[in-house]
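sharing a model that was predicted from the sequence below.
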Amino acid sequence: MTNLQGKFVELVLQGLDPKEAARQAGYRGRSAPWRLMADPEVIAALKLGREGKLVSSENVLLELGRIAMGEASDENGAALKMGSKLRALEVLAKVLGMYDRGVGGDGEVVIVEDVGM
């Protein structure tokens with residue numbers, strides 16, 4: 001799937017009609033929306049998106065947030081290990097640019113582990 005097709009899928013899943021989604025994704029021409037809606041890759045991505053199974057940057061950030069805040073478990077229902085949480089926090093901090101702009105004025109991100117004293 002191309003980047004433009006991915007953008008189109010994202011916009012349709014957000015509720016835009018195909019014509020407007022195609023325009024905002026950068027397509028030109030009146031037949032573009034209908035060609036896209038007939039494309040097998042686009043159809044599959046829309047199906048996955050409607051089932052909540054489409055991998056998107058938003059979904060990845062939401063899942064990292066769940067892991068980081070302790071709201072996630074593995075496929076067997078067991079709580080994730082602290083290392084998983086710390087790694088998720090580190091990845092989120094990088095993605096959000098916290099290392100670049102600095103947090104607390106000194107440019108460092110400090111992750112404090114709650115040990116439940």
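Sure, I can see it. Numbering: from 1, shown residues only.

domain map for the chain?
3-50, 57-101 (automatic domain parsing).

how many other residues sit next to the closest residue to Trp34 other than its chain neighbours?
Closest residue to Trp34 apart from its sequence neighbours, by C-beta to C-beta, 6 or more residues apart in numbering: Pro18 at 7.3 Å. (Each C-beta comes from the backbone N, C-alpha and C, glycine too.) Applying other C-beta atoms under 10 Å, we find 18 residues neighbouring Pro18.

now Ala88
Count around Ala88 with other C-beta under 10 Å applied: 20.

could you look up the SS state of it?
Assigned by DSSP: H, G, I helix; E, B strand; the rest coil, the conformation of Ala88 is helix.

is it true that it touches Ile67?
Yes: in terms of C-beta atoms under 8 Å, Ala88 counts as a neighbour of Ile67; the distance is 4.0 Å.

picking that back up, now the residue nearest to Trp34: how far from Ala88?
Pro18 is 36 Å from Ala88, where distance means C-beta to C-beta, to the nearest Å.

what does Gly77 give?
Distance of Gly77 to Ala88, given as C-beta to C-beta: 18 Å.

residues making contact with the helix or strand harbouring Arg23?
Counting by DSSP states H and E, the element that carries Arg23 is helix 18-25. Residues from elsewhere that reach helix 18-25 (C-beta atoms under 8 Å, 6 or more residues apart in numbering): Leu4, Gln5, Lys7, Phe8, Leu11, Val12, Leu16, Ala32, Pro33, Trp34, Leu36, Met37.

okay, buried residues for that helix please.
Of all the residues in helix 18-25, those buried under the rule 16 or more other C-beta atoms under 10 Å are Pro18, Ala21, Ala22, Arg23, Ala25.
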